[in-house]
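S.K.: need a 3D model of the sequence below.
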Amino acid sequence: MVERNRIKTYCDNSTYHIYNRGVNKEEIFRDLQDYAVFMGMLKRLLGDTIEKNSKGKDCLNLNGRVELNAFCLMPNHFHMMVYQVEKSDIETFMRSLCTSYSKYFNKKHNRVGHMFQGTYKARLVETENDFKYLSKYIHLNPSNWEKWQFSSIHNYLGKRTNDWVKPLRVLETFENISSYLNFLDDDTYPIEFAKECTRQESPG
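M.R.: Numbers count the residues shown, from 1 in each chain. Model prediction:
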């Protein structure tokens with residue numbers, strides 16, 4: 001049986017829930033440097049400034065083509081809410097991100113082989129309700145979500161500014177930041193959204 005969300009049909013001007021975890025549920029972030037390197041790669045790919053590689057050539061930059069609306073990095077998995085302009089943009093983004101990070105991680109931790117549990121998963125966000133609750137699901141992943149440093153919650157609350165994180169697409173659907181916080185404090189979800197989250201968390 002083909003795993004749900006593994007075969008991806010991409011659409012122009014659409015939002016996706018992108019997620020993956022370590023092979024055998026192993027950690028993909030073992031220390032602070034690992035988190036920092038992954039976020040540095042997000043900055044390189046999505047930031048306003050085009051960075052140079054070690055040879056002085058422009059690095060791949062997808063600013064204006066891919067927009068990171070929310071993210072959360074956990075020890076053995078990650079979640080991202082991503083908007084793309086053209087249907088091939090997310091594939092380009094994720095191929096570069098996962099390949100670069102895997103090379104870094106394997107070299108640093110002296111390991112070989114795949115570090116992720118197969119290809120990343122991508123689910124199209126199709127409804128307004130789904131769009132609204134996705135950022136909530138992502139931000140509430142850590143039990144200590146208000147203090148978790150490796151998510152975009154601090155960008156939403158105005159405590160951190162990164163040019164590679166774009167929370168406005170979500171926040172503009174709320175009256176203000178306080179109303180978004182109240183939304184997070186209520187940990188209930190619509191039935192269909194909760195079912196989808198359960199499928200994502202199930203083994204396989």
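
S.K.: ok, the residue nearest the centre of the chain to G113 distance?
M.R.: Per CA atoms, centre = their mean, the C-alpha nearest to the average position across the chain is that of M80, at 1.8 Å. Distance, M80 to G113, by CB to CB, to the nearest Å: 24 Å. In short, each C-beta sits where N, CA and C put it, glycine included.

S.K.: list of residues touching stretch 55-71?
M.R.: By CB atoms under 8 Å, 6 or more residues apart in numbering, the residues outside stretch 55-71 that reach it are 15, 42, 44-48, 50-53, 78-86, 89-90, 92-93, 96, 134-135, 138-139, 151-152, 156, 164-167, 169-170.

S.K.: K25 and F131, how far apart?
M.R.: Look at K25 and F131: by CB to CB, they are 28 Å apart.

S.K.: more neighbours: these two, which one.
M.R.: F131 (18 against 12; other CB atoms under 10 Å).

S.K.: helix/strand/coil for the more buried one?
M.R.: Of the three states, F131 takes helix under DSSP: H, G, I helix; E, B strand; the rest coil.

S.K.: in contact with M80, which residues?
M.R.: H17, I18, Y19, L68, A70, F71, I138.

S.K.: can you check T9 too?
M.R.: So T9 contacts L124 (CB under 8 Å, 6+ apart).

S.K.: likewise S14?
M.R.: Taking CB under 8 Å, 6+ apart, we find S14 in contact with Y83, Q84, K87, L124, V125.

S.K.: how about the second one, phi and psi?
M.R.: As for Q84, its main-chain torsions (degrees, to the nearest 10) stand at phi -120, psi 150.

S.K.: my read: F93 touches V85, true?
M.R.: No - judged on CB atoms under 8 Å, F93 makes no contact with V85 at a distance of 11.2 Å.

S.K.: with neighbour numbers in mind, choose between these two.
M.R.: Taking other CB under 10 Å, F93 and V85 do not tie; F93 has more neighbours (22 against 15).

S.K.: could you measure from the closest residue to D187 other than its chain neighbours over to N61?
M.R.: The shortest distance from D187 to any non-neighbouring residue, by CB to CB, 6 or more residues apart in numbering, is to L140 (6.6 Å). Noted for L140: a distance of 31 Å to N61, by CB to CB.

S.K.: what do you get for K43?
M.R.: Distance, K43 to N61, by CB to CB: 10 Å.

S.K.: and if you look at S143?
M.R.: As judged by CB to CB, S143 and N61 stand 35 Å apart.

S.K.: give me the more crowded residue out of the two.
M.R.: Higher neighbour count among S143 and N61: N61, with 17 against 7, using other CB under 10 Å.

S.K.: so that one sits in a helix?
M.R.: No - assessed with three-state DSSP, N61 is coil; it does not lie in a helix.

S.K.: from K108, how far off is it?
M.R.: 24 Å.

S.K.: about what we covered before: so the residue nearest to D187 versus C197, what's the distance?
M.R.: L140 is 10 Å from C197, where distance means CB to CB.
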